[in-house]
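Participant: this is a predicted model, with the sequence first.
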Amino acid sequence: MKSKPVIPREQANRDVDDALAYYLTEAGDAVALGFIDALEKAYSHIGRQPATGSPRYAHELNLPGLRAWPLTRYPYLVLYVEHLYHIDVWRVLHGQRDIPAWMQEPDGV
């Protein structure tokens with residue numbers, strides 16, 4: 001199966017920047033680089049197998065097609081929607097947050 005390009009929205013990029021800043025200050029370069037590696041692996045996975053993400057938040061938020069995929073060894077979720085020719089990454093959020101509330105932010109959707 002051919003991989004679809006994974007295209008993060010501006011808000012998803014800001015989420016990643018915030019997480020990176022946190023890891024750099026609180027845990028150091030190695031942990032921050034590990035986060036980037038885990039994110040790249042998650043993007044690669046959802047590009048190849050987008051249907052494997054959980055539809056849980058699609059039901060909670062009434063957003064058909066929304067899926068979530070967890071990062072390995074990091075408490076973050078990639079929230080995305082599959083389109084015909086690409087994967088649209090909406091947010092990259094910490095799993096302990098109130099995901100529905102964060103997705104309702106003006107920039108969230």
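Facilitator: Here it is on my side, so go on.
Participant: contacts and neighbour counts: CA atoms only from here.
Facilitator: OK.
Participant: ok, Leu63 - contacts?
Facilitator: Tyr57 (C-alpha atoms under 8 Å, 6 or more residues apart in numbering).
Participant: helix or strand: which one has it?
Facilitator: Taking DSSP states H and E as the definition, one finds Leu63 inside no helix or strand.
Participant: before we move on, what about Ala19?
Facilitator: With DSSP H and E as criterion, Ala19 is part of helix 10-26.
Participant: that helix: which residues count as buried?
Facilitator: Gln11, Ala12, Asn13, Asp15, Val16, Ala19, Leu20, Tyr23 (16 or more other C-alpha atoms under 10 Å).
Participant: do I have it right that the last one meets Ile36?
Facilitator: No - distance between Tyr23 and Ile36: 10.5 Å, which falls outside the contact criterion (C-alpha atoms under 8 Å).
Participant: name the helices or strands packed onto the next helix or strand after the helix holding Ala19?
Facilitator: For helix 10-26, the following helix or strand on the C-terminal side (DSSP H and E) is helix 29-48. Contacting helix 29-48 under the criterion 3 or more C-alpha pairs under 8 Å, 6 or more residues apart in numbering; DSSP states H and E are the following elements: strand 6-8, helix 10-26, strand 66-70.
Participant: out of those, flag the one nearest Ala42.
Facilitator: Ala42 lies closest, by C-alpha to C-alpha, to one member of those: strand 66-70, at 7.1 Å.
Participant: now do that closest one: which elements does it pack against?
Facilitator: Short answer (3+ C-alpha pairs under 8 Å, 6+ apart): strand 66-70 packs on helix 29-48, helix 56-61, strand 76-82.
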